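Enquirer: Pasting a predicted model and its sequence here:
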Protein chains: 2
Amino acid sequence: MAMSYLTSLTCSSCEREYPATIPQTVCQLCQAPLLANYALESARRHLNRDALSQKPHGMWRWAELLPVGDPKYIVSLGEGDTPLLHLPAIGREINLPKLYLKDESRNPTGTFKARGLAAAVSKANELGISKLIIPTAGNAGGALAAYAARAGLQACIVMPRDTPRANLAECRIAGAEVITVEGLISDAAQLASEKSRQEGWFDLSTFKEPYRVEGKKVMGYELAESFGWELPEVIIYPTGGGTGLVGMWKAFAELEALGWLEKTNLPRLVSVQATGCAPVVQAFSKGADRCEFWQDARTIASGLRVPKSYADRLILRCIRESQGIAIAVSDEEMLSAQRWLASREGVFAAPEGAATLAALSQLIRNGWITPDERVVLFNTGSGLKYI
Amino acid sequence: MAMSYLTSLTCSSCEREYPATIPQTVCQLCQAPLLANYALESARRHLNRDALSQKPHGMWRWAELLPVGDPKYIVSLGEGDTPLLHLPAIGREINLPKLYLKDESRNPTGTFKARGLAAAVSKANELGISKLIIPTAGNAGGALAAYAARAGLQACIVMPRDTPRANLAECRIAGAEVITVEGLISDAAQLASEKSRQEGWFDLSTFKEPYRVEGKKVMGYELAESFGWELPEVIIYPTGGGTGLVGMWKAFAELEALGWLEKTNLPRLVSVQATGCAPVVQAFSKGADRCEFWQDARTIASGLRVPKSYADRLILRCIRESQGIAIAVSDEEMLSAQRWLASREGVFAAPEGAATLAALSQLIRNGWITPDERVVLFNTGSGLKYI
C-alpha cells in the first residue's frame, strides 16, 4: 500500500531527526524548519525516471518522492505539469534566445501555491488532522481553502485587510473561515499561531510544517525533465516565504542522489524581491546568514510583502550554494515588465512573476547573464488575481 | 513539412466545398458555417492513437487532426489537456458516483476560449492574415488578445460595456485595441463586421470562420482518451455560441471514422442556457431547427448572453442527433451551484460552468439521468474572472 520513500524529517539547522508518522511542526530544540528525507538509495535502484514521465500528468506522477504513504489520502485538483513556454519575442529583444517561462498560473486557483497546499493538505489528511489554519498574503489562503474543501477538512484563513479581493472571494466561496487583520502577513501569522495554540488548529504557515515545500519541489523535477534531465543555467524566482527556491534546490539534490541528471551542473538561483520589501536582498548583500525584519513593507506584489521569512537561513544558503544572487526591483519595473510580457508573449503574469522579467533586464545589462545561457523565469500566478 | 490531414472545407448546410489553402469565412451561397474536412481514411491507416497519447501534453498532440499545415505557424501558450476531475463528494450527495468535471478554467487566460483561438490564430498566422477582430462576451476577446500578442499579430476586441472587468484588463494589457459598445454581443458583432469590411480586419466571430471549432473539438478527443477510448453517457455543456458542443460532436464523428473508439455509443448532449437568455432551449422545445433572436437578454453568466448563435442550426442538430436536451437555469441556481461546487470540491467555477451543475440537479430530479451513468460537466472558465 505504501508508495512513498519518505523515511523521516530532519531539522534544517541542528539536524535532529523526527518521525514522519505523526504530525510535526518545527524542530523542538532550535525551532528551525524540518525537511523530509527519502530512502533515495533504494529509490535509485527501484524507480525509473522515464516510467514516471509516462504516467498521467500532474504532480502526483512523483508520488514515490512525495510524503503521502497511501494514495487514498491524496487530495488533488490536477495541480502540476505547468507549461514551460519558450519566449522567443522577448528573447530576440534582449539577445537571449534560450529564455523560458514556467507558467505556474496554470495551477488550480491560478498560482504556484496549489502545489504546496496539495502536498500539505494531503499529508494532513493522512495524519488525521482536520482543522487547518494559514496566515497568508493571499494566494496560499485561496489554495488552502480549495484543497481543504476538496478534502472535506476545515480551513481558517488569516490575511491582511488589503489582500487582493480575488483572494477573499476564493476563500469565502470555498467555505473557509476568513479573518482579516490590520497589517502584514507577519501580523496574520501571530494571530494564526495564537488560534492554533488556543483552538487546536494545525498551523500551515510557510516552513512551520514540513510538507508544503515538498509540493513545491516538484517544480524542480519538472524543470529537469523538460530540459531532457539537464538543468538550465539560471532560474529567476520571486521570493516571499521562499518555499519555491528552497524546494527546487532540494529537488536538484534529490535528482542527483537518484542519478537521474545527465549533467550535474546546478543552476544559479536568482531571488527577486521588491524594493519596498527586500529583506533577503539586504541580508545577501551584507553577507548575513539571517534576514532582519523589514520595517514598513510596501509593494503591489502582495506575495512579496513578507518582512521576514521563517526560512531566511535556508533561502540565503540556497542562493549562495548555487552561486546565485538576490536583487530588488521597483513596483514600476514590475508593472512595466508585466505589460511587456503580456503584449509580446501573451502571458498576463502576476506582479511577482513579472518581477522576474524586470530582474532579468538588470542581469542582462550588467552582464551577470550571458546570451548563450538557458534562463527560466517563474510566473508564480495569474495577473487576473490582482485587478 | 505538412503534418495535417486537412483537405478542404464544407458548408454545414448546402455542402458546397471550399479550399482550405486561402482564408475562408462562411458559405458564399447560403452564408452557413463552414466545417473542416480531413483525410480520415488515410489518417486511419497512418495514425496511432496510443502514439498521440505519448506525445508532450497539450492540444497540439493532435496536430494531424488540426488545421495547421506547417508546425512553425502554431501559436501556443500550452493550451489543452485540462484535468478531468472526479467529483466524489457531490456524487455522493446526489447518488451519482460517476460524476466528473472537465476543468477548462485551467487553459491559458482561464477559459476554454483559449482552445478555439489558439487554432484560429495559428491558422490565420499560416494564411498570412495580420489583423484580427472579434466581437465577444468577454473571454474570447481575452484569448484572442493573448494569442495575437504571442503571434505578433494585431487584435481588435469589440465587447459590451458591461463585460466583466477582468476581460477588459486582459485585453488591454496584451496590447489589443478594445472597443466597448452599448448592448450585447450581437451589437458588438455588427460593429466588428462593419470594421472588417471597411478596414480589412479578419472577423473571428464564432462560426464566421471555420477554425475556432477545430480547437474546441479537441475537448472531445481528450474526453475519449480519458475514458479509455469510450465516451461518457452524458455531457452537460453551457451554450452561448455553441462551438464547444458542435466541436465535440464533430470530434466524436472523427474518432469513429478513425476507428479509435472502443465502443461507439455516443453521449447525450445537454445544452444549458440561462432563463434570461435561452434561445436554444426555446427552439429545442418547439421543435424548431433555428433559434429566434432572444429579446432583452439578461444573465450574470456573460458567456451565455448570446441572443442568437450563428450556428443555431448546427447546435440544435447536435442536441437532437445525440438524443440530448436543452434546459435553462436561473442566475440564482447558478450562484448556488457555484458555491456548492467550490465548497464541496474546491473548484471556483465561472457561472456558466456552475450552470451545468444546476442543470444536472434538474435532470437527476426528473430521472433523465440515472445513477449508473457517467456524466461530465464542463467548467468553461474560472470564477475569478467574474468577481
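Expert: That came through, no problem. Note that the coordinates shown come from a computational prediction; the quantities given were computed from them, not determined experimentally.

Enquirer: switch to C-alpha atoms for all contacts and neighbour counts from now on
Expert: Will do.

Enquirer: Quick check: residues of the stretch 251-387 of chain A near chain B?
Expert: A:Arg339, A:Ala342, A:Ser343, A:Arg344, A:Glu345, A:Gly346, A:Val347, A:Phe348, A:Leu384, A:Lys385, A:Ile387 (CA under 8 Å from any CA of the partner chain).

Enquirer: how about the helices of chain A, start to end?
Expert: With helices called from DSSP state H, chain A shows them at A:40-46, A:49-54, A:88-93, A:113-127, A:139-151, A:165-173, A:185-199, A:212-226, A:243-258, A:279-286, A:312-321, A:331-345, A:351-365.

Enquirer: hmm, who's touching the fifth one?
Expert: I take that to be helix A:139-151. A:75-77, A:108-109, A:111, A:113-114, A:117-118, A:121, A:125, A:132, A:134-135, A:154-159, A:167-168, A:170-171, A:174-176, A:303, B:342-347 (CA atoms under 8 Å, 6 or more residues apart in numbering or on different chains).

Enquirer: before we move on, what about the last one?
Expert: Residues external to helix A:351-365 that are found in contact with it (CA under 8 Å, 6+ apart): A:94, A:236-238, A:272-274, A:300-301, A:303-304, A:327-329, A:333-335, A:337-338, A:341, A:369-370, A:377-381, A:383.

Enquirer: From B:Lys385, how far out is A:Ala39?
Expert: 44 Å (CA to CA, to the nearest Å).

Enquirer: Which among the contacts of helix A:351-365 count as buried?
Expert: A:236-238, A:272-274, A:300-301, A:303-304, A:327-329, A:333-335, A:337-338, A:341, A:369, A:377-381, A:383 (16 or more other CA atoms under 10 Å in any protein chain shown).

Enquirer: By mean pLDDT, point me to the weakest helix or strand of chain A.
Expert: Scoring the helices and strands of chain A by mean pLDDT, DSSP states H and E places helix A:49-54 at the bottom, with a mean of 90.

Enquirer: and A:Tyr5, how many residues sit next to it?
Expert: For A:Tyr5, the count of nearby residues is 20 (other CA atoms under 10 Å in any protein chain shown).

Enquirer: which residues sit in contact with A:Leu266?
Expert: A:Leu231, A:Pro232, A:Glu233, A:Phe252, A:Ser322.

Enquirer: now those as TSV including pLDDT?
Expert: Formatted as TSV, these follow (pLDDT from 0 to 100):
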residue	pLDDT
A:Leu231	98
A:Pro232	98
A:Glu233	98
A:Phe252	98
A:Ser322	98
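
Enquirer: Format these as JSON lines; extra columns: distance to A:Glu194 and neighbour count.
Expert: Below are these laid out as JSON lines (distance: CA to CA, whole Å; neighbours: other CA atoms under 10 Å in any protein chain shown):
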{"residue": "A:Leu231", "distance to A:Glu194": "42", "neighbour count": "25"}
{"residue": "A:Pro232", "distance to A:Glu194": "42", "neighbour count": "21"}
{"residue": "A:Glu233", "distance to A:Glu194": "43", "neighbour count": "17"}
{"residue": "A:Phe252", "distance to A:Glu194": "36", "neighbour count": "24"}
{"residue": "A:Ser322", "distance to A:Glu194": "37", "neighbour count": "17"}
